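*Asks:* predicted model, plus sequence, below.
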Amino acid sequence: MAADSEPESEVFEITDFTTASEWERFISKVEEVLNDWKLIGNSLGKPLEKGIFTSGTWEEKSDEISFADFKFSVTHHYLVQESTDKEGKDELLEDVVPQSMQDLLGMNNDFPPRAHCLVRWYGLREFVVIAPAAHSDAVLSESKCNLLLSSVSIALGNTGCQVPLFVQIHHKWRRMYVGECQGPGVRTDFEMVHLRKVPNQYTHLSGLLDIFKSKIGCPLTPLPPVSIAIRFTYVLQDWQQYFWPQQPPDIDALVGGEVGGLEFGKLPFGACEDPISELHLATTWPHLTEGIIVDNDVYSDLDPIQAPHWSVRVRKAENPQCLLGDFVTEFFKICRRKESTDEILGRSAFEEEGKETADITHALSKLTEPASVPIHKLSVSNMVHTAKKKIRKHRGVEESPLNNDVLNTILLFLFPDAVSEKPLDGTTSTDNNNPPSESEDYNLYNQFKSAPSDSLTYKLALCLCMINFYHGGLKGVAHLWQEFVLEMRFRWENNFLIPGLASGPPDLRCCLLHQKLQMLNCCIERKKARDEGKKTSASDVTNIYPGDAGKAGDQLVPDNLKETDKEKGEVGKSWDSWSDSEEEFFECLSDTEELKGNGQESGKKGGPKEMANLRPEGRLYQHGKLTLLHNGEPLYIPVTQEPAPMTEDLLEEQSEVLAKLGTSAEGAHLRARMQSACLLSDMESFKAANPGCSLEDFVRWYSPRDYIEEEVIDEKGNVVLKGELSARMKIPSNMWVEAWETAKPIPARRQRRLFDDTREAEKVLHYLAIQKPADLARHLLPCVIHAAVLKVKEEESLENISSVKKIIKQIISHSSKVLHFPNPEDKKLEEIIHQITNVEALIARARSLKAKFGTEKCEQEEEKEDLERFVSCLLEQPEVLVTGAGRGHAGRIIHKLFVNAQRAAAMTPPEEELKRMGSPEERRQNSVSDFPPPAGREFILRTTVPRPAPYSKALPQRMYSVLTKEDFRLAGAFSSDTSFF
């Protein structure tokens, strides 16, 4: 065995040098990406237009590659341009200088206000960047930097790519790049220097020129002239004599009980702080040559007043506190609270009452004892009043979250009819300040599913919003809601209609809370009409219920109206109206006895002849044309019950119940019976009004489309009309036939109510009472957003900012999509509120700038228009050119702003400056400089020289430098001829 193992131990590892190393694989991946993106060869574009770097569209592509296990992201940044003609491409010569080298000398786009840093430093329209993929990773060592640069150089050489390729080195915050660009026989190296502190010898132009010339190392004795572009930036932070115009609301006025500064029903608006924090003035000398100006450590010709170009940008305060935004945000926060009203305000009135009757043994004896309280004091309203007193007694006046005066002011605002001794009968209250009902703004509630801007619900939302912000927060909201519910109870008990609600059934386009209040109003209306009907003569047949007169129009539009009535009847019934309880009736008259004997029975068993003996009841009026088929008597339209009004939650509940019945024959039959309650009621009313009638008679009035008439020739040869029921009416055991057979001749006033207003009102009042503040805020948030949008539109119309108009349209579109869902997501609601706040800040910025530039003080119309245009451009554009530089109207105002700030900083009053006399030289020495030292100084130096030898091709050279207090950067692009080197 030992002998066998000896040969194995002599085997040695063979290194295969044909296998690619990690470095070679990395170069190959870079080449692959460049090929995929089709960045091979030369593609010359058009000369760049002025300002295209900011106004044009920049796009980027990204990919990921790795060097061993270190990941890099490769990104191609390029300016989108129209492609050049194919003919031009065919004529390309091999020795043309690459596009990026030509861009180094372009002067149209120096100092772009918004662009990638490499675009600003080198003026490139296209480049590729290789950077560490992870944000925390960095290429720090010099050997790694050189290795990456070598990889880039080889990849560019192998592929023939003429797009500059950069590698990001050091930490990302330093924005350090090195790169290379290759062309036929030429190469440009991109180098960079970044220091914390500016070396003294390079704080001026002459020092920077020395660096530039030494770096070029031009062998020619008279050096070609260097082209220079300079920009100095001055920052204005201290706005002297221009206070922020926003006045805070007068909170104390309302707390003290006086209706003052901020009215209920009106939202506040504006920023609490100046939304414009700084003004940056950039003074530019775009085309200078060396020798024209002097700028060294002793003297400088660069006076900002003399600069040919001025441009301004404003720095906006980050997230300025805005009143409207805060109002809506604070109200939205209530949605996340879990407490109930009782938990917020303390124990309920019932617990309080339990204290008084401590001994449980007296409970039954109290029930059997005779009542010592007068009957009229046992009404629900009195009980509520007692409960109200107990709540207040328990809480104490001092502890009440809302001041009495504030509470009374709000209640009078919500219920203006309470001013008079007897509340008004009108169901709507209109405010002159509201937009007309036809206007687009008024109908916004349809899109937002909120409530009309003149409605009680809308006003309640605004009051709760204000109380939450200024008067007691959540406790104040709970207190007002409790008072509101008590007021609703009082109005129901005393037949007082609720103001600020449109009459009629609940409007399903509005929020659920608004529908509930409308439902309560319907109940009050029915109850009021019924109570008034009892007072009139009981035998008066024309005593009809509210809305029944609407049937009078049936003969005019029988097809459409009765069809819709029938549909309403079938769909619009609540499940509760099908309960078997017979407790609630319309007026029970003494003549019911005679119906017991023959009337109702004959309606069921007997034919039309027997029914004809009945006395007609519940007639509304005679139909114009129709007569009964059997006896030829005129057909009378009966008094009928109105279908029950429904809110969306009741409709949903009913549809669920109907769906649960299933698809079986029995379920379908039961569902049809449930849906035909209104039909049955109308049949009974019809039978009572038309003794001796048949189903055909009823159909002719109720659903004329189901009675088909044809012209036929009788035995005598005369043309006569013969009618018969439609096919669906002839289906055996169909619902109409069944209902007709079971219907008794009972007039509407004796039928069981289809709409039990007492029960429905109690359900609504219970629903209102159990709402937590969070539920309430959810219900009313669409109204608050609606109000906020209207407020923003109103404020924008005063300023007329086109960009804000577009944003408001987007907010309305977005909100209508979000708020139409039953339970919108919190995140989407927050987005809407954030958008509204942003618009508010935009309008506040416009007002701030108008105040600073004094647009209102301009006497000349032309100057005023120019200033307003200038201010609107400042809001919408990153940088705005000042027409006329320092000598124009806007320029003079900016100059004055800087002068005032400088004098304030030096504590020099303007009067003292005016009193100074003497020569201009003395004045210049003694006075404070008009401008502070520049916050940033930028220089671009360009030339075209042959490198590295005098006989080399003349190629573009460029160096960009920026000097600030804590930053010194040189970014150089130096080209050389590689043909013989």
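*Replies:* Great, that's in hand. Numbering: from 1, shown residues only.
*Asks:* so where do the strands sit in the stretch 151-300 of the chain?
*Replies:* Remark: strands assigned in the stretch 151-300 of the chain by DSSP state E, counting those that start in this stretch are 165-169, 176-183, 186-195, 227-236, 276-289.
*Asks:* okay if I get these as a markdown table plus mean pLDDT and mean neighbour count?
*Replies:* The way it works is simple: take the backbone N, C-alpha and C, and place the C-beta from them, glycine included. Below are the strands of the stretch 151-300 of the chain laid out as a markdown table (pLDDT from 0 to 100; neighbours: other CB atoms under 10 Å):
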| stretch | mean pLDDT | mean neighbour count |
| --- | --- | --- |
| strand 165-169 | 95 | 23 |
| strand 176-183 | 94 | 22 |
| strand 186-195 | 94 | 18 |
| strand 227-236 | 94 | 20 |
| strand 276-289 | 91 | 19 |
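*Asks:* nearest to G325, of those strands?
*Replies:* The closest of these to G325 is strand 276-289. By CB to CB, the value is 17.3 Å.
*Asks:* against which helices or strands is that closest one packed?
*Replies:* Packing partners of strand 276-289 (3 or more CB pairs under 8 Å, 6 or more residues apart in numbering; DSSP states H and E): strand 227-236, strand 309-316, helix 826-853, helix 889-906.
*Asks:* can you do 6 Å?
*Replies:* strand 227-236, strand 309-316 (3 or more CB pairs under 6 Å, 6 or more residues apart in numbering; DSSP states H and E).
*Asks:* tilt between that strand and strand 227-236?
*Replies:* On the basis of axes from the mean of the first three to the mean of the last three CA atoms, to 10 degrees, strand 276-289 is oriented at 160 degrees to strand 227-236.
*Asks:* any idea how far strand 276-289 is from the middle of the chain?
*Replies:* Counting by CA atoms, centre = their mean, to the nearest Å, strand 276-289 is centred 37 Å from the centre of its parent chain.
*Asks:* re the thing from before, got a markdown table for the helices and strands packed on strand 276-289, with distance to T964 too?
*Replies:* Shown next, in a markdown table, are those (distance: least, CB to CB, whole Å):
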| stretch | distance to T964 |
| --- | --- |
| strand 227-236 | 9 |
| strand 309-316 | 15 |
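*Asks:* mind checking which of those strands is nearest L281?
*Replies:* For L281, the closest of these is strand 227-236, at 4.6 Å, according to CB to CB.
*Asks:* chain center to that closest one, what's the gap?
*Replies:* 41 Å.
*Asks:* list the helices and strands it packs on?
*Replies:* Contacts defined by 3+ CB pairs under 6 Å, 6+ apart place strand 227-236 against strand 276-289, helix 889-906, strand 936-946.
*Asks:* who's in contact with it?
*Replies:* Strand 227-236 is contacted from outside by 110-111, 278-286, 288, 897-898, 901, 931, 934-942, using CB atoms under 6 Å, 6 or more residues apart in numbering.
*Asks:* got the buried residues for stretch 265-273?
*Replies:* Residues of stretch 265-273 classed as buried by neighbour count (16 or more other CB atoms under 10 Å): 265, 267-271.
*Asks:* that one: end-to-end distance?
*Replies:* 24 Å (CA to CA, to the nearest Å).
*Asks:* which helix or strand contains the closest residue to H171 other than its chain neighbours?
*Replies:* Excluding its sequence neighbours, the residue lying closest to H171 (CB to CB, 6 or more residues apart in numbering) is A138, at 5.0 Å. When elements are assigned from DSSP states H and E, A138 belongs to no helix and no strand.
*Asks:* neighbours around A138, how many?
*Replies:* 18 (other CB atoms under 10 Å).
*Asks:* give me the element the nearest residue to L195 once chain neighbours are set aside is part of.
*Replies:* Counting by CB to CB, 6+ apart, F968 is the residue found nearest to L195 once chain neighbours are left out, at 4.4 Å. Assigned by DSSP H and E, F968 belongs to strand 967-977.
*Asks:* ok, and for that strand, which residues are buried?
*Replies:* 968-977.
*Asks:* that one packs against which elements?
*Replies:* strand 186-195, strand 954-964.
*Asks:* run through who's touching the first one.
*Replies:* When you say that, I think you mean strand 186-195. By CB under 6 Å, 6+ apart, strand 186-195 touches 101, 174, 176, 179-181, 968-976, 978.
*Asks:* give the pairing partners of that strand; include direction for each.
*Replies:* Strand 186-195 has its sheet partners listed here by DSSP bridges as strand 176-183 (antiparallel), strand 967-977 (antiparallel).
*Asks:* since that was my last question, I'll sign off now.
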